[in-house]
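Q: quick one, structure for this:
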Amino acid sequence: MAEKDPKAQDVFIEGNGYPAPNKGSQTVASHHNKEAKHDAASSAIHVIHNPLKREPKEKVVQDAQEFAKNHNLGEYADLFGRAALVARDKGNFRSIPELSTEEIAALDYERDHKWHGPKMLWYSIALCAIGAATQGWDQTGSNGANLSFPAEFGITGEGRNEWIVGAVNAIIFLTAGCIGAFITDPLNHYLGRRGEIFLTAACLTATPIASGFTHSWQALFAVRFVMGIGIGAKNATVPIFSAELAPARIRGALVMFWQLWVVAGIFLGFCANVIVKDTGRIAWRLQLGSAFIPAFILMLGIWFTPESPRWLMKHGKYDKAFHSFLKLRAHPIISARDYYYSYVIYQEELSVAAGSNYWTRMADCFRIPRIRRANYAASTVMIAQQMCGINIISFYSSTIFTDVGYTDVQALYASLGYGAIQVVFTIPTLFMIDTVGRRRLCLITFPLMCIFLLAGGLSLLKTTGSQASKIGPVVLFVYLFTICYSLGEGPVAFQYSAEVFPTIQREQGMSWVVFINNFFAGVLSITFPRMRSVMTSPGAFGFYAGLNLIAWFMIFAFVRETKQLTLEEIDQVFSVSTSEFFWHELKVSTPWFLKRYLLFQKHLPKPPSIIATADQNYSRRDSDSVVA
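A: Numbers count the residues shown, from 1 in each chain. Alright, predicted model coming up:
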């Protein structure tokens, strides 16, 4: 069997006629097996265990109280003792006699009201979402500007000029990936999450304005070079900040506000393109410059949010971290529960990563099996976002629509419709991502994206008939492709990547996958103008349709479900080896899915999940089936 992390605590259970792994792997103490078997874990092969269950209740309470007293939180010592018991057995808090009636009522309300939370939590998440809009607006500003700035700077035509236009569009993504993403760790270390976001927001306020005053493509290239650094640093930090603030039960939906507001930024950028379309030669300047608006709002608003509790904990500011949690949770017992559980897991991470520095933590993303598997998964969803071809639409939709016969104005309105569709169909995913699951959404939508993109490319071959008969099918299939993207890969990529890395390596891991995402966005942007000439637009569409199938297989092989798991429980999800996970999906889950849904064998019992939590209320029975 493939190697395992020393921290991994797997319980293997036979059942339902499916073979269990090698018995030699069963190394966990017998009391862990007993705890697992009475819960949802009885249907799972690997069980995520709560580390607080290793100790008896009395020891757990004592440790929690001592923690509070030793970290300037003595007034909360009794609260921490009770919260540790809740964290120890999340699903059975009503049986804990130490809790007050008020505390039980607060925990009941949290359980029964998924979206309950204090105003500061919603303010902080909403502000991070606005920060995401800067990326979408920057993309669509250049989308509209592509219709006129090449003529302004004398770089129209084929050959060298196509590469120049591509480079001007691509440079923000290349510098975002190659520079901005990798300065995230030092910026976060010295400035904090909030300070880093303020600095990058200031950069993204200034550079769009500056781009509107350039008088050569070289100057525009230089301004966008700097803009990309800000985008990369912001993109690597804002999703982490959101993930560290959000409760596990709705973390996927809250962090997914990132993608919702990326597409909202795309839509608002298209709106700006349409609004300024009649301003003559300065239209492209206004289209590029308007992207400062969301960045300016982010720069001002970030001052009023609390700092990330996990960042404060990581820097030894334990009392401030708890006071930050008090602002982000609806009741002190909930704040203390979430905080102390985070602390316990963080201490285990520290025992493994003691003495590490920036470079060793970066190396750990490729060296340590648990983190390497998370890196595989996050890198897969990030590169799949570029492989699917969505950004050939985001960057060049206006150009594509003019190719099939639209005027410039009609192309801008068609692009506006594209942006509106992304916004509308991203909203339902807010409610599905923590129920249907990240992995399942991607596995369902990628084959459909392949079909619709291929159909859109083939529609471009039609050269006879009325203008409507030529243009209509192209627009229809582009819109259908966009709907599928908005229900799957679009919302998942950054949300998933922000949550899968352990606290110690979170900045390095996110830096790497943001580099992957932005670098390939840059490659796509710089190559597509030339690809249109060499392969023609139908050939380019077909090329990306094929990449959708490759991306589907990569997601099947490497991406594991993380819905409704705490950031700390996710740490154990990736303790299962990649080979074991893949073969379970291929030999167990896939045959069951095909028999159940294609051969309609509805009586067939569901095979055991490969991963589940030992807590019944946090069971993930369906988390890793072939479409889960």
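Q: I'd say Met382 and Asn517 touch.
A: Yes: if you go by Cβ atoms under 8 Å, Met382 and Asn517 touch, sitting 4.0 Å apart. Bear in mind the C-beta positions are built from the backbone N, C-alpha and C, glycine included.
Q: need the residues touching each of the two.
A: Common contact partners of Met382 and Asn517 (Cβ atoms under 8 Å, 6 or more residues apart in numbering): 493-494.
Q: secondary structure class of Val576, three-state.
A: Classification of Val576 by DSSP: H, G, I helix; E, B strand; the rest coil places it in coil.
Q: compute the distance between it and Lys57, please.
A: Distance, Val576 to Lys57, using Cβ to Cβ, to the nearest Å: 29 Å.
Q: wait, Asn87 sits on Tyr341?
A: Wrong residue type there; residue 87 is Ala, not Asn. Yes: the pair Ala87 and Tyr341 passes the contact test of Cβ under 8 Å, sitting 4.2 Å apart.
Q: which of those two has more neighbours?
A: Ala87 (27 against 24; other Cβ atoms under 10 Å).
Q: if we can go back for a sec, who has more neighbours, Val576 and Lys57?
A: When neighbours are counted by other Cβ under 10 Å, Val576 and Lys57 differ, and Val576 comes out ahead with 25 against 16.
Q: from Pro369, how far off is the closest residue to Ala557 other than its chain neighbours?
A: Closest residue to Ala557 apart from its sequence neighbours, by Cβ to Cβ, 6 or more residues apart in numbering: Phe582 at 5.2 Å. Phe582 sits 14 Å away from Pro369, going by Cβ to Cβ.
Q: so between these two, which is more surrounded?
A: Regarding Phe582 and Pro369, a neighbour count based on other Cβ under 10 Å identifies Pro369 as having more, with 17 against 13.
Q: wait, doesn't that one sit right on Val576?
A: No: Pro369 lies out of contact with Val576 (Cβ under 8 Å); the separation is 9.8 Å.
Q: for Glu158, grab phi and psi.
A: When read as degrees, to the nearest 10, the backbone of Glu158 gives phi -90, psi 170.
Q: now it. Nearest residue, chain neighbours left out?
A: Leaving aside its sequence neighbours, Glu158 sits nearest to Ser533 (Cβ to Cβ, 6+ apart; 5.4 Å).
Q: how about the secondary structure of that neighbour?
A: Assignment for Ser533 (three-state DSSP): helix.
Q: ok, it to Ala77 distance?
A: In this structure, Ser533 and Ala77 are 70 Å apart, going by Cβ to Cβ.
Q: with neighbour numbers in mind, choose between the two.
A: Between Ser533 and Ala77, counting by other Cβ under 10 Å, Ala77 is the more crowded of the two (16 against 12).
Q: identify each buried residue in whichever helix or strand Ala557 is part of, please.
A: According to DSSP states H and E, Ala557 maps onto helix 536-558. For helix 536-558, the buried set under the neighbour-count rule, 16 or more other Cβ atoms under 10 Å, comprises 537-538, 540-542, 544-545, 547-548, 551-552, 554-558.
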